[in-house]
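Participant: got a predicted structure plus its sequence, pasted below:
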Amino acid sequence: DAKTTQPNSMESNEEEPVHLPCNHSTISGTDYIHWYRQLPSQGPEYVIHGLTSNVNNRMASLAIAEDRKSSTLILHRATLRDAAVYYCILRDDQDTDKLIFGTGTRLQVFP
Amino acid sequence: DTEVTQTPKHLVMGMTNKKSLKCEQHMGHRAMYWYKQKAKKPPELMFVYSYEKLSINESVPSRFSPECPNSSLLNLHLHALQPEDSALYLCASSQDFNRKFEKLFFGSGTQLSVL
């Protein structure tokens, strides 16, 4: 009963933009979309979250489809430090108090 | 200070040992969490404390015993563990609990090996 679907892995070259997709076709109107990433040998790190509108912060941008059934995390210029597993997570009414991780996308960045 | 500090970073224990993992945060957060992560897998939620009271136990075996002595500290007491309990144990905190826009801050984890 996965709530989100992400590709297992993606590759990018350094200084190129990266678009990480996430499908969440069962999303309801009050579900928040969160992204976390986990660098090697580190705990997960919050990246960004949104509800309906696109969001920008110093780390990334989050583009949310109009029907909210998918979203895309955008890293504008990938660096080697961005190599990590990226998790797209829905926080919904059923599991409001829980942050439940899916399998995520492993991003490799090449020099 | 936006850090969650976990000690020790590495722990090796036998199946008959008793040990404890410690987690500390000084951000004034009132919710604290324990996650378990096996190699190459996503983190799995174990326990949630809110205002120093246990709010969620995800059916974790009793050989894992959490404790929240105050709002800044979270412990995980380990007793009679099995080799399959070897994993990275992650602590996290958030400002509050039960809010869908809340973000969690994670520590770097304790890598536990049970022999």
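Facilitator: Received, thanks. Numbers count the residues shown, from 1 in each chain, chains lettered A, B, ... in the order given.
Participant: residues in contact with A:Ile74?
Facilitator: A:Ile74 sits next to A:Pro17, A:Val18, A:His19, A:Leu20, A:Ala60, A:Ser61, A:Leu62, A:Ala63 when contact means C-beta atoms under 8 Å, 6 or more residues apart in numbering or on different chains. The way it works is simple: take the backbone N, C-alpha and C, and place the C-beta from them, glycine included.
Participant: name the surrounding residues that touch stretch A:75-85.
Facilitator: Residues from elsewhere that reach stretch A:75-85 (C-beta under 8 Å, 6+ apart): A:12-18, A:20, A:37-40, A:59-61, A:104-109, A:111, B:42.
Participant: what about stretch B:75-89, start to end distance?
Facilitator: Start and end residues of stretch B:75-89 are separated by 11 Å (C-alpha to C-alpha, to the nearest Å).
Participant: quick one: distance of that stretch to the chain centre.
Facilitator: Distance of stretch B:75-89 from the chain centroid (C-alpha atoms, centre = their mean, to the nearest Å) equals 11 Å.
Participant: how about stretch B:60-78?
Facilitator: From the chain centre to the centre of stretch B:60-78 is a distance of 7 Å (C-alpha atoms, centre = their mean).
Participant: quick one: the strands in the chain?
Facilitator: Going with chain A. Using DSSP state E, the strands of chain A run over residues A:9-13, A:18-23, A:32-38, A:45-50, A:55-56, A:61-64, A:70-75, A:84-91, A:105-110.
Participant: look at chain B instead
Facilitator: Secondary structure of chain B (DSSP E): strands at B:4-7, B:10-13, B:18-25, B:31-37, B:44-50, B:53-57, B:64-70, B:73-79, B:87-94, B:105-106, B:110-114.
Participant: show me what the fifth one is packed against.
Facilitator: Okay, so that is strand B:44-50. Helices and strands touching strand B:44-50, by 3 or more C-beta pairs under 8 Å, 6 or more residues apart in numbering or on different chains; DSSP states H and E, are strand B:31-37, strand B:53-57, strand B:64-70.
Participant: only C-alpha atoms, please: export the first one in CSV.
Facilitator: What follows is strand B:31-37, C-alpha atoms only, in CSV (Å, rounded to 0.1, in the frame of the first residue of the first chain):
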residue,chain,number,x,y,z
ALA,B,31,8.2,15.5,19.9
MET,B,32,11.0,12.9,19.7
TYR,B,33,11.2,9.8,17.6
TRP,B,34,13.2,6.5,17.2
TYR,B,35,13.6,4.9,13.8
LYS,B,36,15.4,1.8,12.8
GLN,B,37,17.2,1.5,9.5
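Participant: and it, which strands flank it?
Facilitator: Strand B:31-37 pairs in its sheet with strand B:44-50 (antiparallel), strand B:87-94 (antiparallel), by DSSP bridges.
Participant: hmm, who's touching that strand?
Facilitator: Residues lying outside strand B:31-37 but in contact with it, judged by C-beta under 8 Å, 6+ apart, are A:99, B:23, B:25, B:43-51, B:66, B:68, B:74, B:76, B:87-97, B:102, B:104, B:106, B:109.
Participant: number of nearby residues for the nearest residue to A:Ser71 once chain neighbours are set aside?
Facilitator: For A:Ser71, ignoring the flanking residues on the chain, the nearest one in space by C-beta to C-beta, 6 or more residues apart in numbering or on different chains is A:Ile64 at 4.7 Å. Neighbours of A:Ile64 under the rule other C-beta atoms under 10 Å in any protein chain shown: 20.
Participant: which residues are in contact with A:Ile64?
Facilitator: Contacts were defined as C-beta under 8 Å, 6+ apart; by that measure A:Ile64 touches A:Ile33, A:Gly50, A:Leu51, A:Thr52, A:Ser53, A:Asn54, A:Val55, A:Ser71.
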